[in-house]
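K.L.:
no sequence on hand, only this structure:
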């Protein structure tokens, strides 16, 4: 009796972090489904194998975090970019951002197939459209 054994590739989760000035010397913790899976520093990219199905990803530093992002892992890689929301003129208001736990770190889904950080959705920002 012959068996057809096929390897099932687990979907990849790719996290990219920009190299912005704020928090550039510190790593963000990456939280998948409530458990820390690693850290990411400015300008780095990390890849993780995840089981197929529904998941939640979040980035944290101290008491601040990004809003949780839900995604469904299937056969295609899923990519997110994580970044500091404290940039430009907002950097001057960093003290106020520190009192808003989800106002410091941003996370957005990006197109994993292009190798670029192309936003497909930016939570909390109106009029955001994909850059093609």
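P.N.:
That came through fine. Note that the structure is a prediction, hence the values are computed from the model and not measured. Numbering: from 1, shown residues only.

K.L.:
I figured residue 106 hits residue 83, correct?
P.N.:
Yes. The criterion here is CB atoms under 8 Å, and residue 106 meets it with residue 83 at 5.1 Å. C-betas here are computed from N, CA, C, even on glycine.

K.L.:
hey, where'd the strands end up in the chain?
P.N.:
Ranges of strands within the chain are 12-17, 28-32, 35-40, 45-49, 53-61, 64-65, 69-73, 78-84, 105-110, 119-121, based on DSSP state E.

K.L.:
mind listing the strands the second one pairs with, and their directions?
P.N.:
Strands flanking strand 28-32 in the sheet, each with its direction: strand 35-40 (antiparallel), strand 53-61 (antiparallel) (DSSP bridges).

K.L.:
any stretches of this protein with poor pLDDT?
P.N.:
1-10, 20-22, 87-104, 113-132 (pLDDT under 70).

K.L.:
if we can go back for a sec, winner for burial among the strands paired with strand 28-32?
P.N.:
Comparing the strands paired with strand 28-32 by mean neighbour count (mean count of other CB atoms under 10 Å), strand 53-61 comes out on top with a mean of 17.

K.L.:
give me the residues contacting that one.
P.N.:
Contact with strand 53-61 is made by 13, 15, 23, 26-34, 40, 65-73, 80, 82, 104-105, 107, as judged by CB atoms under 8 Å, 6 or more residues apart in numbering.
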